[in-house]
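In: structure of the sequence below:
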Amino acid sequence: MKIYTLHTKQNLPISLDQAWQLLSDPKNLKTITPDYMGFEILSGADRPMYPGQIIQYIVTPVLGIKTKWVTEITHVRDHEYFVDEQRFGPYALWHHKHFIKEIPGGVEMEDIVDYKVPLGILGQLAHPFLVKPKLNEIFEYRKKKLIELFGEYKAPTS
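Out: I've put the predicted structure just below:
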């Protein structure tokens, strides 16, 4: 069983409160997800994030195939981190940790996704050509969208 990890970091020129408001509202996921993914929240996004929250989505990750995705928010530490885990969806395993911390002039946002592709050896063969590039593309889109929304981070000079 091969488990893959995607790890990204991004600094933004916003406050910890602004970052938490953005990340802790599931409705904001649509804003930072590429349009071609056909991202639509079906249920569970009517309240701010809390442990045990179940959120149901429809996504179209590849070849125009609509897929239902159900995640659970399993851990939340206010203004520090939260974890979402797939309960049903396109991955054999999806465990996504979101961390934020204050840095001089803004915040650092860090994502660590541990995931396993379905279909055993066939999934592993498809991973470097299909799954990994698609995930990298989605997270790169998020980075660009966040810069578009909040501006580019510039480290303060001393």
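In: helices and strands around the helix ranked longest in the chain, which ones?
Out: Secondary structure assigned by DSSP state H gives helix 132-150 as the longest helix of the chain. On a contact count with 3 or more C-beta pairs under 8 Å, 6 or more residues apart in numbering; DSSP states H and E, helix 132-150 meets strand 4-12, strand 106-116. C-beta: built from backbone N, CA, C; applies to glycine.
In: pick the most deeply packed of these.
Out: Looking across the helices and strands packed on helix 132-150 with neighbours counted as mean count of other C-beta atoms under 10 Å, the highest average goes to strand 106-116: a mean of 18.
In: sheet partners, orientation included, of it?
Out: The pairing partners recorded for strand 106-116 under DSSP bridges are strand 4-12 (antiparallel), strand 93-103 (antiparallel).
In: quick one: contacts for the residue lying closest to K9 once chain neighbours are set aside?
Out: Computed as C-beta to C-beta, 6 or more residues apart in numbering, the closest residue to K9 that is not its neighbour in sequence is E110, at 4.8 Å. Listed by C-beta atoms under 8 Å, 6 or more residues apart in numbering, the contact partners of E110 are H7, T8, K9, Q10, K97, H98, F99, I100, K101.
In: save those residues as CSV, and put in pLDDT and distance to Q53 too.
Out: Supplementary listing: the contacts of E110 in CSV, determined by pLDDT from 0 to 100; distance: C-beta to C-beta, whole Å:
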residue, pLDDT, distance to Q53
H7, 98, 24
T8, 98, 23
K9, 97, 25
Q10, 97, 24
K97, 98, 16
H98, 97, 14
F99, 98, 18
I100, 98, 18
K101, 97, 23
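In: export those residues as CSV, with columns for distance to Y36.
Out: Converted to CSV, those look like this (distance: C-beta to C-beta, whole Å):
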residue, distance to Y36
H7, 24
T8, 20
K9, 25
Q10, 22
K97, 26
H98, 23
F99, 28
I100, 27
K101, 32
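In: and of those, the nearest to K27?
Out: Distances from K27 to the contacts of E110, taken as C-beta to C-beta, are shortest for H98 (15.5 Å).
In: V76: neighbouring residues, count only.
Out: By the other C-beta atoms under 10 Å criterion, the neighbourhood of V76 contains 19 residues.
In: let's number from 18 now, not from 1
Out: Right, with 18 as the first residue, what we last looked at is V93.
In: tell me how far it lies from I117.
Out: Remark: distance between V93 and I117 (C-beta to C-beta, to the nearest Å) = 12 Å.
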